[in-house]
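Participant: with the sequence up front, the predicted model follows.
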Amino acid sequence: MEDHKIVQRNLALQREWYGEPLGDRVRRLVVAFDISQAFLADVLGISAPMLSQVMSGRRAKIGNPAVLARLIMLERKVLVPDVAAGKKEAMMRALEEVRASRPSVTRDNLPVDIGRNDRVAVAALRRVAEAGDLTAAASLLNGKFPELADLLRRAGQPQ
């Protein structure tokens with residue numbers, strides 16, 4: 001199979017397995033944390049060339065589940081208010097926490113917090129919209145999306 005077809009197949013597999021090409025996810029982290037790909041590779045625990053191959057579609061998957069777990073952990077760290085605000089100290093602390101993590105992956109556990117983290121979501125919503133707008137949006141969504149409406153309503157409440 002020629003290279004172009006292999007890359008296209010691998011990118012299609014990434015969309016199926018990861019929801020989108022890994023290159024898109026990695027680029028968002030590089031931009032969000034204002035770091036190089038090589039630095040991100042080090043944080044994730046993967047070699048820079050391997051990360052480059054996964055990003056370009058020359059490889060379809062991240063073979064080490066702990067590396068994937070760290071990628072997901074880092075994506076979630078972007079939602080931490082001080083990280084989202086671009087505070088360098090918070091960003092570096094998040095990167096170091098992920099680098100130092102030693103997630104173990106078994107069939108019975110995932111090394112990421114898969115529970116609801118409403119506090120972070122509420123804080124993020126409060127930064128981008130006024131309380132009245134959040135409450136009005138909650139009213140509009142209540143019939144079809146009650147859980148989302150509840151989140152918006154809580155974000156619209158006084159602190």
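Facilitator: The structure has been received and is ready for your questions.
Participant: same question for the biggest helix by length in the chain, mean pLDDT?
Facilitator: Ranked by residue count and defined by DSSP state H, the top helix of the chain is helix 3-18. On average, the pLDDT along helix 3-18 is 92.
Participant: for the host helix or strand of Val30, which helices and strands make contact with it?
Facilitator: Using DSSP states H and E, Val30 maps to helix 22-33. If you count contacts as 3 or more CB pairs under 8 Å, 6 or more residues apart in numbering; DSSP states H and E, helix 22-33 packs onto helix 37-44, helix 48-56, helix 65-77, helix 88-100. (C-beta placed from N, C-alpha, C; glycine too.)
Participant: against Asp133, how distant is the residue nearest to the spatial centre of the chain?
Facilitator: Geometric centre of the chain, nearest residue: Glu75, 2.3 Å, by CA atoms, centre = their mean. Glu75 is 27 Å from Asp133, where distance means CB to CB, to the nearest Å.
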